[in-house]
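> What follows is a predicted structure for the sequence shown.
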Amino acid sequence: GAVVSQHPSRVICKSGTSVKIECRSLDFQATTMFWYRQFPKKSLMLMATSNEGSKATYEQGVEKDKFLINHASLTLSTLTVTSAHPEDSSFYICSARDRGQGYGYTFGSGTRLTVV
Amino acid sequence: GDSVTQMEGPVTLSEEAFLTINCTYTATGYPSLFWYVQYPGEGLQLLLKATKADDKGSNKGFEATYRKETTSFHLEKGSVQVSDSAVYFCALSDPGNTGKLIFGQGTTLQVKP
């Protein structure tokens, strides 16, 4: 079945630095990828939708300049948390739609970001 | 706007008990409905889905029926196992076909031996 690989699974960074999270569709082309943020014991909050070759569409309240999303190819989207602060610590999950399987959704395994 | 409401957890059951996790939705169109499961420290896995009214999704002993008249998609399993302990999310796909998934708040299930 469709597989989405998300890396890294865990990352610890210092305040003020930037962190890049990768999301790859391994065996299908993803026309659209989604980035979610999950707070402890909370639901998933959609941050942005990215379409290959175009700018990401951010949800209301999400800082575009802080959470940079790039979807350069049909198999790769990246989320860069710029100038990270402790409040950015969270679990980030990507999802990709598989054009070849009726646009089903496949999720990555998530990235636990801790900013110290 | 569109939304999903799940019953609050945590739900604690003994092994082999019957499980129901309620889910209701609000949508202006005709969304597809999903149940996802999340094990600790992991991403989400699709458990089952239904794409139109009266469809029943099923997988691994779990079932849910798309009820348009009650705008519900309750998750059921006849006999839970310890390995079913996880967080369960009900979700709908944006009927506007933007591709967005709208999630409920999640329900934690804990099954005790």
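Structure received. As the structure is a computational prediction, the values presented were derived from the model and not from experiment. Numbers count the residues shown, from 1 in each chain, chains lettered A, B, ... in the order given.

> Going by C-alpha atoms from here, please, whenever you check contacts or count neighbours.
Will do.

> Which element, helix or strand, includes B:T108?
Using DSSP states H and E, B:T108 maps to strand B:107-112.

> what about the residue in chain A positioned nearest to chain B, which SS state?
Chain B sits closest to A:S109 of chain A, with a gap of 3.9 Å, by CA to the nearest CA. Three-state call for A:S109 (DSSP: H, G, I helix; E, B strand; the rest coil): coil.

> ok, it - how many residues close by?
Neighbours of A:S109 under the rule other CA atoms under 10 Å in any protein chain shown: 25.

> mind checking which helix or strand of the chain has the lowest mean pLDDT?
Unless you meant another one, I'm taking chain A. Lowest mean confidence among the helices and strands of chain A (mean pLDDT, DSSP states H and E): strand A:104-107, at a mean of 85.

> nope, chain B please
Per-SSE averages on chain B (mean pLDDT, DSSP H and E): minimum strand B:101-103, a mean of 90.

> for it, the distance to its chain's centre please.
11 Å (CA atoms, centre = their mean, to the nearest Å).

> Which residues of chain B lie near chain A?
Taking CA under 8 Å from any CA of the partner chain as the contact definition, chain B meets chain A at B:41-46, B:89, B:99-100, B:103-106.

> Please pick the buried ones from these.
Buried by 16 or more other CA atoms under 10 Å in any protein chain shown: B:E42, B:G43, B:L44, B:Q45, B:L46, B:F89, B:G99, B:K100, B:F103, B:G104, B:Q105, B:G106, out of the residues of chain B next to chain A.

> Where do the strands of chain A begin and end?
Ranges of strands in chain A, per DSSP state E, are A:4-7, A:10-13, A:19-25, A:30-38, A:44-51, A:57-58, A:67-73, A:76-81, A:90-98, A:104-107, A:111-115.

> Dump the ones you listed to TSV, plus distance to B:P31 and mean neighbour count.
Conversion of the strands of chain A to TSV gives the following (distance: least, CA to CA, whole Å; neighbours: other CA atoms under 10 Å in any protein chain shown):
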stretch	distance to B:P31	mean neighbour count
strand A:4-7	24	21
strand A:10-13	34	14
strand A:19-25	25	22
strand A:30-38	18	23
strand A:44-51	17	22
strand A:57-58	21	16
strand A:67-73	26	19
strand A:76-81	26	21
strand A:90-98	16	25
strand A:104-107	13	21
strand A:111-115	29	21
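
> In terms of mean pLDDT, which of the ones you listed ranks lowest?
Note on those: strand A:104-107 shows the lowest mean pLDDT, a mean of 85.

> Run a quick neighbour tally on B:S14.
Look at B:S14: counted by other CA under 10 Å, it has 15 neighbours.

> that older thread, adjacent strands (with direction) for the least confident helix or strand of chain B?
Partners of strand B:101-103 in the sheet, by DSSP bridges, are strand B:86-93 (antiparallel).
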